[in-house]
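A.B. asks: got a sequence here, can you build the structure:
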Amino acid sequence: MRRRFCAGGILHVYQRTVSGFNIFYSLEDFLVFYTIIAVKARKFGINLLGLCLMIDHIHLLLTGDNICQISRFISEYTSLFVREFNSWTGRKGALFESTFGSALKTEIKKIRSAIAYLFNNPVEKLLCSKAEEYKWNFLAFYNPDYKLPYRNLNEYSNALRRAIRVVDSQYKKGLHLKYALLDKLHKTLDSREKEILTEYIIWKYLPFDVETTNGYYRSYDDMVKAINSNTGSEYDITERHYCKTDVPYREMISVLKKSGWGKIQDVIVASEDVKRKLYSILKSRTSASGAQIRKFLHIPQAESTRKG
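C.D. replies: Reported below is the predicted structural model:
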């Protein structure tokens with residue numbers, strides 16, 4: 001079908017993963033994707049109003065000059081992330097379905113509904129109780145009163161100050177953050193420092209037109225109140241709902257970490273024998289369904305059917 005587009009309209013873009021496979025396992029996965037999309041939005045002159053990263057799909061609200069510009073933007077950030085992800089994990093092939101879903105929003109009521117729908121994705125999947133609590137829909141950063149938890153560099157450790165200088169340098173050069181670089185930086189930091197650096201990276205690369213998004217409501221506080229009282233709706237894009245909750249994915253990551261598993265993404269390229277053992281372990285130790293374990297381990301549907 002020919003995509004609907006009009007100047008001044010907002011496009012709700014939805015990207016699915018191949019076979020519903022998971023793509024966000026670690027902090028590095030989120031940050032690499034986020035910084036890529038931020039850099040490419042600036043390159044193509046895309047006005048981003050919203051972004052929500054879920055473990056197996058992505059939502060964006062954006063405006064652009066024309067559909068070709070938007071398509072090139074999506075194609076470039078998608079292909080770049082796939083190259084980075086595959087290189088880091090050792091896998092091959094596509095991560096996303098070849099086409100993306102899109103729905104044009106021009107009426108204020110539908111725009112507000114799309115905003116609520118995007119930000120409430122993690123609430124609907126029971127990952128948080130309020131939309132602003134989820135880190136990867138970035139809603140907290142729309143608050144005009146938002147401030148970094150530590151603004152004085154002297155409050156940071158030497159390692160964290162060095163990490164921040166590296167991030168500043170990459171941003172100034174117009175570069176996204178790569179897996180190897182983030183891995184190197186994270187190895188020098190404790191868990192609290194990783195949280196601070198993550199928040200700094202999000203703030204530094206922030207690509208959103210928060211003023212326009214907040215402008216659809218009287219204020220940020222009114223927007224958050226509206227989002228938390230109405231989940232929104234999306235009838236123009238058919239979203240696949242594999243399971244009611246995404247909490248089991250967090251459980252599976254926790255089980256693997258406690259068992260001493262190194263890089264969680266390594267499950268993707270594990271041998272069939274290892275995946276069969278992991279399937280049994282995750283089935284017995286988590287609340288995950290068979291379909292969720294298949295998506296987590298990147299097991300094709302036909303094979304997972306044989307596993308029951």
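
A.B. asks: show residues contacting the helix or strand encompassing Cys52.
C.D. replies: Applying DSSP states H and E as the criterion places Cys52 in strand 47-53. In this structure, residues lying in contact with strand 47-53 by Cβ atoms under 8 Å, 6 or more residues apart in numbering are 10, 24, 30, 33-34, 37, 41, 58-64, 115, 118-119, 121-122, 134, 136-138, 207-209, 212-213. For every residue, glycine as well, the C-beta is placed using N, CA and C.

A.B. asks: cool, stretch 286-306 as well?
C.D. replies: Stretch 286-306 is contacted by residues 19-22, 56, 91, 242-243, 247-249, 251-252, 255, 267-268, 270, 275, 278-279, 282-283, 307-308 when judged by Cβ under 8 Å, 6+ apart.

A.B. asks: end to end, how far does stretch 232-247 reach?
C.D. replies: End-to-end distance for stretch 232-247: 21 Å, by Cα to Cα, to the nearest Å.

A.B. asks: quick one: Ala38 from Thr231, how far?
C.D. replies: Look at Ala38 and Thr231: by Cβ to Cβ, to the nearest Å, they are 27 Å apart.

A.B. asks: when these two are compared, which one has more neighbours?
C.D. replies: Ala38 (23 against 15; other Cβ atoms under 10 Å).

A.B. asks: any idea how far that one lies from Lys172?
C.D. replies: Per Cβ to Cβ, Ala38 is found 13 Å from Lys172.

A.B. asks: what segments of the chain are helices?
C.D. replies: Here the chain has its helices, by DSSP state H, at 27-44, 67-89, 108-119, 121-124, 158-172, 179-186, 191-205, 210-215, 220-229, 247-258, 272-285, 290-297, 301-307.

A.B. asks: outline the domain layout of this structure.
C.D. replies: 10-146+206-229, 153-204, 247-293+300-307 (automatic domain parsing).

A.B. asks: of those, which stretch is the most buried?
C.D. replies: Highest mean neighbour count of these: domain 10-146+206-229, a mean of 18 (counted as mean count of other Cβ atoms under 10 Å).

A.B. asks: what mean pLDDT does it get?
C.D. replies: What domain 10-146+206-229 shows for mean pLDDT is 95.

A.B. asks: that domain: how far from the chain's middle?
C.D. replies: Domain 10-146+206-229 sits 7 Å away from the centroid of its parent chain (Cα atoms, centre = their mean, to the nearest Å).

A.B. asks: ends of it, how far apart?
C.D. replies: Termini of domain 10-146+206-229 sit 22 Å apart (Cα to Cα).

A.B. asks: one more: stretch 136-155?
C.D. replies: Taking Cα to Cα, stretch 136-155 runs 26 Å from one end to the other.

A.B. asks: check stretch 115-129 too.
C.D. replies: Taking Cα to Cα, stretch 115-129 runs 17 Å from one end to the other.
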